[in-house]
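> Structure here, sequence nowhere to be found:
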């Protein structure tokens, strides 16, 4: 076992544990904080894959901005145990079925992903570095990239329109 | 509208220009003002080592005076108590017995003389009222105390030290006022 | 079986010592920033300031720290205990984490080894700084919420929205600089400035925007809305006492130190000594590195002084003024700056 492997197992365990805690913890603020820990663990994985740019952008965008807004909203709503709605057994059953289906989809995805060559997934590939990523984004994938930016622009315009009402 | 002084300025409610609205230029002007103060002479007195000179008309704690031979000047006439607007002064008179001529200047003296420092407003009327020059306001403050009793100053607290037996303390109690007067 | 030999223990030791030195140094600077703050405030108000503890009051920070340590530790009974303790810890942690990517000087040569005076020269250095700064808001938010006090909560929300708003303008101002440097590594940015001109000559407006945003990110006056004494009774750290309060106050000064270091690195040449050709004096060896570090510290001190100078000049903004300045003035300015820079860069390269 090398240092990288130790880090991998540690980060995986941390990610899974905190993801579970997001679901288990009663207090929504705690859930949000556990989710931030998940993001940190995933960023750690990105760094192990030599994708430093992705790791740090993951932190800036998700942990730094989106989760702050989540925390904002949750703090203002003052959720507590008393205000949690009672769920009937039918909804619980539907939840279990949906969860099992999602698990099946994910397992099949992971199984088929095993065929992807390992060279890209190890630290030898420099695709996660900022220069390579930028080059690929602005040459090979320039159309999807620009289309996604248009999507964001329309989302922003929509938000402004709703806010003005 | 009638203005009280000609210094008042009407509030400017004009819309700010862009340069004003990013505050940077105005902040810079303000910073130059504070920088000017940075190099100005400081007004602080380093208190225990360096004291601020009292004004010549300062009125502090009362002192009961003695004459040059160390005899108490007070005759317990009660004029100070009458003059006192805050009614802080009480006294009891007594007659001088034979053999006490070196203690009291006149035939009558104050056996008990009390000033309540919680009431005293340091107006100095007692000093003005006294015909015998027996009470005057010194240049010291009344110190703080923990209970009310300690604020009632009796004769022992108020009397000036004897110039015959304790000349140094007497000079000190006489205060800076005399020294300052001489300087002028 | 773990192959312990696969890890370069000597490198680890070297980095650990470097981290310890830099952390201690940041704390020392933060300590004396509190002293400098009081002295500068006093001088600008025609006073003398603390001068009793030691000569010229030099030991005042020690006295303050000792006082904080001996204060009673109070945790409000209705607070969320874990988060209440986590808040100041996070504030301090994020404040200290930023110094990992700052290049303090050129390499030192000791014991036949080259020791870079930088904890980690990662190729995304400045993005790391942005990430850590954006995480810094959690210290305020968690502390403010866990206190279970309405003033603290209000202050935390104010602080969070302020930091988010000004991060945008800061990022856009920085993109303009990136177009010129073409690198995210702080060391590369500094080395470019050592050989040519400082970035301030190319990006004066960008620097101004960056500076204003840095003031806001550090919660310094005139942007100290999250600790407005007059409106919110001390703001997010109202319920804190003893060393937890000390951590919050300290984190502010560490933040100020680090953001001064970042500004000096990005716009004022980092450890570059002005009017001095480093390349012609390579025979100086380690002394050159030390001179560079000292020069860097002088630049940082000038920035810290400016931070305090502004604090004791300008009153606090109103909340609407803060938001107007951030969204309606600084972001358009930063965008314009970015577009003009981009156009000029394109034109120059053609």
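Noted; the coordinates are in hand. Not measured: the values here are computed from a predicted model. Residues are numbered from 1 along each chain as shown, chains lettered A, B, ... in the order given.
> Pull up the distance across stretch B:33-43, start to finish.
17 Å (CA to CA, to the nearest Å).
> as a whole number, average confidence for it?
Averaged over stretch B:33-43, pLDDT sits at 88.
> Please give the centre-to-centre distance between the helix ranked longest in chain C and its chain.
Counting by DSSP state H, the longest helix found in chain C is helix C:9-44. Relative to its chain's centre, helix C:9-44 lies at 12 Å (CA atoms, centre = their mean, to the nearest Å).
> List the buried residues of that helix.
Neighbour counts over helix C:9-44 (16 or more other CB atoms under 10 Å in any protein chain shown) mark C:14-15, C:18, C:22, C:26-27, C:29-44 as buried. Backbone N, C-alpha and C define where each C-beta goes, glycine included.
> next one: stretch B:91-109
For stretch B:91-109, a neighbour-count test (16+ other CB under 10 Å) marks B:91, B:96, B:104, B:105, B:109 as buried.
> what's the most distant pair in those?
Across those, the longest distance by CB to CB is 16.0 Å; it joins B:91 and B:105.
> okay, residue 1: pLDDT?
As the question left the chain open, I've gone with chain A. On pLDDT, residue A:1 comes in at 62.
> Actually, chain C is the one I wanted.
Residue C:1 is assigned a predicted lDDT (pLDDT) of 41.
> How many neighbouring residues does the residue nearest to residue C:57 when sequence neighbours are not counted have?
Spatial nearest neighbour of residue C:57, chain neighbours left out: residue C:50 (3.8 Å); criterion: CB to CB, 6 or more residues apart in numbering or on different chains. Neighbours of residue C:50 under the rule other CB atoms under 10 Å in any protein chain shown: 19.
> List the residues that contact residue C:50.
C:35, C:38, C:39, C:42, C:57, C:60 (CB atoms under 8 Å, 6 or more residues apart in numbering or on different chains).
> residues contacting the second one?
If you count contacts by CB under 8 Å, 6+ apart, residue C:38 has them with C:49, C:50, C:60.
> element containing the first one?
The one in question is residue C:49. Using DSSP states H and E, residue C:49 falls within no helix or strand.
> which residue sits closest to it, ignoring its sequence neighbours?
Nearest one to residue C:49, counting by CB to CB, 6+ apart, is residue C:42 at 3.0 Å.
> immediately after the longest helix of chain C, which helix or strand?
Using DSSP H and E, the helix or strand that follows helix C:9-44 towards the C-terminus is helix C:60-70.
> Which residue does the stretch 51-200 of chain C have closest to chain B?
In the stretch 51-200 of chain C, the residue that lies nearest chain B is residue C:51 (7.9 Å; CB to the nearest CB).
> Residue B:14: neighbouring residues, count only.
Neighbourhood size, residue B:14 [other CB under 10 Å]: 6.
> any idea of the pLDDT on it?
For residue B:14, pLDDT reads 84.
> next one: phi and psi at it?
Main-chain dihedrals, residue B:14, degrees, to the nearest 10: phi -70, psi 150.
> Kindly report the same for residue B:108.
Backbone phi and psi, for residue B:108 under degrees, to the nearest 10, turn out to be phi -120, psi 140.
> is stretch C:72-89 anywhere near chain A?
Yes - for stretch C:72-89, a contact with chain A is found by CB under 8 Å from any CB of the partner chain, at C:80, C:83.
> With adjacent residues omitted, what lies nearest to the residue of the stretch 51-200 of chain C closest to chain B?
Nearest residue to residue C:51, sequence neighbours excluded (CB to CB, 6+ apart): residue C:57, at 4.3 Å.
> Would you check that that neighbour makes contact with residue C:36?
No - using CB atoms under 8 Å, residue C:57 is not in contact with residue C:36; the gap is 10.9 Å.
> Briefly note if stretch C:247-257 comes near chain A.
No - Stretch C:247-257 lies out of reach of chain A by CB under 8 Å from any CB, never closer than 15.3 Å.
> in which helix or strand would I find residue A:109?
Residue A:109 belongs to helix A:89-113, assigned by DSSP H and E.
> What of residue C:194?
Using DSSP H and E, residue C:194 sits within helix C:186-195.
> Name the residues of that helix that are buried.
Neighbour count says helix C:186-195 has C:186, C:187, C:188, C:189, C:190, C:191, C:192, C:193, C:194 buried, by 16+ other CB under 10 Å.
> List, one by one, the residues from chain B near chain C.
B:18, B:21-24, B:27, B:30-31, B:33-35, B:37-38, B:40-44, B:46.
> Narrow the residues you listed to those in helices?
Per DSSP H, the subset of these in helices is B:18, B:21, B:24, B:27, B:30, B:31, B:33, B:34, B:35, B:37, B:38.
> I'd like to know how far the residue of chain A at minimum distance from chain B sits from residue A:73.
Going by CB to the nearest CB, chain B is nearest to residue A:160 of chain A, at 22.0 Å. Residue A:160 sits 19 Å away from residue A:73, going by CB to CB, to the nearest Å.
> and these two? which has more neighbours close in?
Using other CB under 10 Å as the criterion, residue A:160 and residue A:73 rank with residue A:73 on top: 12 against 9.
> Packing partners of the one helix or strand the more buried one maps to?
Element membership for residue A:73 (DSSP H and E) is helix A:67-77. When contacts are defined as 3 or more CB pairs under 8 Å, 6 or more residues apart in numbering or on different chains; DSSP states H and E, helix A:67-77 sits against helix A:28-48, helix C:125-146, helix C:150-181.
> and the longest one, anywhere near chain B?
No - applying CB under 8 Å from any CB, one finds that helix C:150-181 is not in contact with chain B, the shortest distance being 11.3 Å.
> for that helix, packing partners?
Partner elements for helix C:150-181 (3+ CB pairs under 8 Å, 6+ apart): helix A:67-77, helix C:125-146, helix C:186-195, helix C:204-217, helix C:229-232, helix C:242-267, helix C:319-323, helix C:331-349.
> Tell me which of those is the most buried.
helix C:125-146 (a mean of 25; mean count of other CB atoms under 10 Å in any protein chain shown).
> Taking chain C, what residue is nearest to chain A?
Proximity of chain C to chain A (CB to the nearest CB) peaks at residue C:134, 2.9 Å away.
> wouldn't that residue be in contact with residue A:62 here?
No - here residue C:134 lies out of contact with residue A:62, judged by CB under 8 Å, at a distance of 10.2 Å.
> Find the centremost residue of chain A, please.
residue A:39 (6.5 Å; CA atoms, centre = their mean).
> ok so, going back, now tabulate the buried residues of helix C:186-195 in a markdown table and tack on distance to residue B:155.
Output for the buried residues of helix C:186-195, formatted as a markdown table (distance: CB to CB, whole Å):
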| residue | distance to residue B:155 |
| --- | --- |
| C:186 | 79 |
| C:187 | 82 |
| C:188 | 86 |
| C:189 | 82 |
| C:190 | 80 |
| C:191 | 85 |
| C:192 | 86 |
| C:193 | 81 |
| C:194 | 83 |
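> that older thread, which member of the buried residues of stretch B:91-109 is positioned nearest chain C?
residue B:91 (44.8 Å).
> what's the spacing between that closest one and chain A?
Distance of residue B:91 to chain A, given as CB to the nearest CB, to the nearest Å: 70 Å.
> ok, now which ones touch that residue?
Per CB under 8 Å, 6+ apart, neighbours of residue B:91: B:76, B:78, B:81, B:110, B:112, B:113, B:114.
> Just the buried ones out of those, please.
Buried residues within the contacts of residue B:91, counting neighbours by 16+ other CB under 10 Å: B:76, B:81, B:110, B:113, B:114.
> what's whichever helix or strand residue C:109 is part of in contact with?
Using DSSP H and E, residue C:109 sits in strand C:108-110. For strand C:108-110, contacts defined as CB under 8 Å, 6+ apart pick out C:114, C:115, C:116, C:117, C:285, C:286, C:289.
> again, only this time at 7 Å
With contact meaning CB atoms under 7 Å, 6 or more residues apart in numbering or on different chains, strand C:108-110 is reached by C:115, C:117, C:285, C:286, C:289.
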